[in-house]
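> With the input below, show me the fold.
(4 chains)
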There are 2 protein chains.
Amino acid sequence: MTRSEENYIKTIFHLGGNTATPIATNAIAEQMETKPSSVTDMAKKLAEKGLVNYKKYQGVSLTDFGIKTALSIVRKHRLWEVFLVEKLDFSWDEVHEIAEQLEHIKSEKLIDKIDELLDFPKYDPHGDPIPTKDGKFMVRDKQLLSEMPLKSIGVCVGVKDTSATFLKFLDKNNIALGNTIQVLEKEDFDMSLHIQVENQKLNISHQIASNLYVKKND
Amino acid sequence: MTRSEENYIKTIFHLGGNTATPIATNAIAEQMETKPSSVTDMAKKLAEKGLVNYKKYQGVSLTDFGIKTALSIVRKHRLWEVFLVEKLDFSWDEVHEIAEQLEHIKSEKLIDKIDELLDFPKYDPHGDPIPTKDGKFMVRDKQLLSEMPLKSIGVCVGVKDTSATFLKFLDKNNIALGNTIQVLEKEDFDMSLHIQVENQKLNISHQIASNLYVKKND
DNA sequence: ATTAAAATTTAGACAAAACTAAAAATTTGT
DNA sequence: ACAAATTTTTAGTTTTGTCTAAATTTTAAT
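Okay, the predicted model is just below:
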């Protein structure tokens, strides 16, 4: 697998191509900041190799083999992120770009050793689950903060947007994974929220709330 | 810098192109298992970028900038090797291939953090010096075991050949860096040596002896 | 049900990095 | 010194992954 092939597989996976729903050429192109025609070319190549299902004009979806491959790349990416944060003191907004490179390192043994060194973490620094060696991963029951009912209390368990700007915003406002969050008020006008994070009350926009995952207390 | 450019720079450095002596196109091609014509192409490109001195039919040598670049790659390679051995329990015969990939990861901060995590090692697992961030490195006063005078005693400080087969041979014979070695006898016929390594006496061929570096006791 | 708009594919081109085969320059042997 | 051998370069081709522009198919709207 070339680096480029791996990036396509990963993108299709993230766009949901692991289900039966095929992903549109355009959607892949947009996500990868490339042209639709390039996607078509690669779709043919990946179909040839048995990684994706592809029929002209019908979009692209991953085969079982493609999903297995995607999970292996995602596993590497997320384990490297944990490594960077836990062992090298990187902050959660710095690790994505570096992990984008490290995920392509070819050595089964290396990533298994990293996994072991980190004591087999289940989640990455952004709260995303890390697939195991055999491709299984925890699907945590979580919901967007924006969808939590009024007064409900939960624990912040992940972010949807992992861009440095969003993560830095959270840092600045002392919102971190593991924090307890309660929805105190919802503003009908702009859908902004008044929330309490640990001992601090603050207002956040709908856009912020719809990028934070919370596990509701039962 | 592309991965390919980096590999050329590194090869030229290892062939001694850091000195004023230019390296022959053929030598580079042979080392890299590529064709001389490919080397010519790349030489032009690297000269264009100010990394090498190149005049037709005159061979290739690194510019100051090229040397700086080479040292940065070598630094990364060797630090990753130490990391693999010290933190992930790889053996010294497994790390080269993986480090060949890791050395191309682009992040100054990453390699500096790895350096720090390892407590700024001076040598890699094969005894080769690790350049510092600013490109300086220790040149240890060492000599080949094959050139040691009879009866002299030294400490094993490095290997010339870093192939897995050679390193495994050393493991099998309990020869490791840091061991004290004495030359007990030299066989004129085949230049083989009778040596004592720590508490063990053994015979080694000239080929083995000429791939082991020793620091002579003063 | 057509037609307009949008999405997708095809065809042809390009850059990087490699190759082969042929040409040119350098080195070597006598 | 000069022919032969070797080394190096040039010229032209290939592969991978990308692009643009044009053609085609699908989707949406009236």
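> Cross-check the contact I'm expecting between A:A29 and A:T40.
No. Applying CB atoms under 8 Å as the test, A:A29 and A:T40 come out as separate, 9.1 Å apart. Just so you know, the C-beta spots here come from the backbone N, C-alpha and C atoms, and that holds for glycine as well.
> Near chain B, which residues of chain A? Just list them.
Residues of chain A lying close to chain B (CB under 8 Å from any CB of the partner chain) are A:84, A:87-90, A:94, A:97-98, A:101-102, A:105-107, A:109-110, A:113-114, A:117.
> Could you list which of those residues belong to helices?
Mapping these onto helices (DSSP state H) picks out A:L84, A:K87, A:L88, A:E97, A:I98, A:Q101, A:L102, A:K109, A:L110, A:K113, A:I114, A:L117.
> first to last residue in stretch A:196-209, what's the distance?
From its first residue to its last, stretch A:196-209 covers 13 Å (CA to CA, to the nearest Å).
> And the contacts of that stretch?
Here stretch A:196-209 makes contact (CB atoms under 8 Å, 6 or more residues apart in numbering or on different chains) with A:144-146, A:156, A:166, A:169, A:173-175, A:179-182, A:184, A:190-195.
> Confidence-wise, which helix or strand of chain A is lowest on average?
strand A:212-216 (a mean of 93; mean pLDDT, DSSP states H and E).
> how about the residue sitting nearest the centre point of chain A, what does it touch?
Most central in chain A under CA atoms, centre = their mean is A:D128, positioned 5.6 Å from the mean C-alpha point. With contacts defined as CB under 8 Å, 6+ apart, A:D128 is in contact with A:R78, A:G158.
> so where's chain A uncertain?
Within chain A, the set of residues satisfying pLDDT under 70 comprises A:17, A:218.
> Right, and DNA strand D sits closest to which residue of it?
For chain A and DNA strand D, the shortest gap (CB to the nearest atom of the strand) falls at A:T2, measuring 3.1 Å.
> List phi and psi for A:Q196.
Per-residue torsions, A:Q196: phi -120, psi 120 (degrees, to the nearest 10).
> what's the first-to-last distance across stretch A:97-107?
End-to-end distance (CA to CA), stretch A:97-107: 20 Å.
> from the middle of its chain, how far away would that stretch be?
Put simply, stretch A:97-107 sits 16 Å off its chain's centre (CA atoms, centre = their mean, to the nearest Å).
> Stretch A:151-165 too?
For stretch A:151-165, the distance to the chain centre is 12 Å (CA atoms, centre = their mean).
> What are the contacting residues of it?
A:93-94, A:96, A:123, A:126-128, A:140, A:142, A:144-145, A:148, A:166-167, A:170, A:175-184, A:197, A:210-217.
> at 7 Å what do you get?
A:93, A:96, A:126-128, A:140, A:142, A:148, A:166-167, A:175, A:177-183, A:211-217 (CB atoms under 7 Å, 6 or more residues apart in numbering or on different chains).
> Okay, buried residues for that stretch please.
Buried residues in stretch A:151-165, counted by 16 or more other CB atoms under 10 Å in any protein chain shown: A:G154, A:C156, A:V157, A:G158, A:V159, A:T162.
> Which members of these occur in strands, if any?
Judged by DSSP state E, strands contain the following of the buried residues of stretch A:151-165: A:G154, A:C156, A:V157, A:G158, A:V159.
> which one of the residues you listed is nearest DNA strand C?
Taking those together and measuring to DNA strand C by CB to the nearest atom of the strand, the closest member is A:V159, at 27.7 Å.
> Stretch A:88-96: end-to-end distance?
Stretch A:88-96 has an end-to-end distance of 14 Å (CA to CA).
> for stretch A:54-63, same thing?
Taking CA to CA, stretch A:54-63 runs 10 Å from one end to the other.
> Now do the strands in chain A.
Assigned by DSSP E, the strands in chain A fall at A:52-54, A:60-62, A:143-144, A:153-159, A:180-186, A:193-197, A:200-204, A:212-216.
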